[in-house]
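# using only what follows, build the 3D model:
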Amino acid sequence: MNRMPEGSYRPVSLTTAARFAEASALYRAVFGYQDPEYGLNPRLLGALASNGGAVVGILDPSDRLVAFAYGFCGTDRRGFYHYSQSAVVATEQQGHGLGRMLKHAQREVALSHGLSRMRWTYDPAQIRNAHFNLDVLGARGRWFAPDMYGPGTDRVIVEWDLTREHPVDLDDAALTRLVVPAEKTELRRSFEELLGKGLVAVSCRRLPDGTAAYYFGSVDDA
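As a prediction, this is how the structure comes out:
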């Protein structure tokens, strides 16, 4: 990962209507959304921030919002967790470590609310995101959601143990390797098969020949 830009970039919790509006504008700018259906309501961010959710941002040295993330409390039969709905970094600031800073800011809020797990989703074909989630943060790909947002939007749902300070070192020889196929349909089939066997995605890395591979291990080892 590239070095942070020079200057003092700082994580903050967003708490004002002006900051929520700034976050909404950044969301539209980064994703290029024009249709109001895909917008992000600043009032929603305010409601989340006031009712157990998390709305965190990164301010640059000029006090401009250059990244933000928001999430809320979720629950299942295992208990409560923090669900991170979206993380957004200004286009010109991407690749400088702001994503990691955002996730750790969310982690601090979740821990302060008594939560020890965080979940979010990513596109399994996006190798850079996969590596960040699995190898840099130490989250684990536990579930697969085909066509989550409509046709062609397969997602892996990851879970991050917030009580761990650093990712766990794993032995590649004990893992199941999957070279990432070119076809998304094949990638979907492989994920459904491997996760269906009770394995979890623990790593995704580039190989010397330029291809990439996922590595899967048991839940106990993850």
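# where exactly do the helices run in this protein?
Taking DSSP state H as the criterion, the chain carries its helices at 17-31, 42-50, 98-112, 127-131, 184-196.
# for residue 58, find the nearest of these.
Closest to residue 58 of the helices of the chain, according to C-beta to C-beta: helix 98-112, at 5.2 Å. C-beta coordinates here come from the backbone N, C-alpha and C atoms, glycine included.
# what does that closest one rub up against?
Contact partners of helix 98-112, identified using C-beta atoms under 8 Å, 6 or more residues apart in numbering, comprise 1, 4, 9, 11, 13, 54, 56-58, 66-69, 71, 82, 84, 87, 89, 116, 118, 132, 136-137, 160, 162.
# who touches the closest residue to residue 124 other than its chain neighbours in this structure?
Closest residue in space to residue 124, ignoring its immediate chain neighbours: residue 156 at 4.8 Å, by C-beta to C-beta, 6 or more residues apart in numbering. Neighbouring residues of residue 156 by C-beta under 8 Å, 6+ apart: 121-124, 130, 141, 143-145, 191, 201.
# got those residues as a markdown table, with neighbour count and distance to residue 110 columns?
Formatted as a markdown table, those follow (neighbours: other C-beta atoms under 10 Å; distance: C-beta to C-beta, whole Å):
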| residue | neighbour count | distance to residue 110 |
| --- | --- | --- |
| 121 | 22 | 17 |
| 122 | 19 | 18 |
| 123 | 16 | 23 |
| 124 | 22 | 24 |
| 130 | 23 | 22 |
| 141 | 28 | 19 |
| 143 | 14 | 19 |
| 144 | 21 | 24 |
| 145 | 13 | 21 |
| 191 | 23 | 26 |
| 201 | 27 | 21 |
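# dump those residues into CSV; add pLDDT as well.
What follows is the contacts of residue 156, written out as CSV (pLDDT from 0 to 100):
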residue, pLDDT
121, 98
122, 98
123, 98
124, 98
130, 98
141, 98
143, 98
144, 98
145, 98
191, 98
201, 98
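# which residues in this protein form strands?
10-13, 54-59, 65-76, 79-89, 117-122, 140-145, 155-161, 176-179, 199-206, 212-218 (DSSP state E).
# now distance to residue 36 too, for these, in TSV please.
Output for those, formatted as TSV (distance: least, C-beta to C-beta, whole Å):
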stretch	distance to residue 36
strand 10-13	27
strand 54-59	20
strand 65-76	18
strand 79-89	17
strand 117-122	23
strand 140-145	25
strand 155-161	24
strand 176-179	39
strand 199-206	35
strand 212-218	37
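# which of these is buried the deepest?
Among those, ranked by average contacts under mean count of other C-beta atoms under 10 Å, first place goes to strand 54-59 (a mean of 24).
# pull up the pairing partners for it, direction included.
Each strand paired with strand 54-59, and its direction, by DSSP bridges: strand 10-13 (antiparallel), strand 65-76 (antiparallel).
# how about the ones you listed, which one is nearest residue 39?
Among the strands paired with strand 54-59, strand 65-76 comes nearest to residue 39, with 13.6 Å by C-beta to C-beta.
# what angle sits between the closest one and helix 42-50?
60 degrees (axes from the mean of the first three to the mean of the last three C-alpha atoms, to 10 degrees).
# excluding chain neighbours, what is closest to the spatially most central residue of the chain?
Closest to where the C-alpha atoms of the chain average out (C-alpha atoms, centre = their mean) is residue 120, at 5.3 Å. Setting aside the residues directly before and after it, residue 120 is nearest to residue 84 in space (C-beta to C-beta, 6+ apart), at 4.0 Å.
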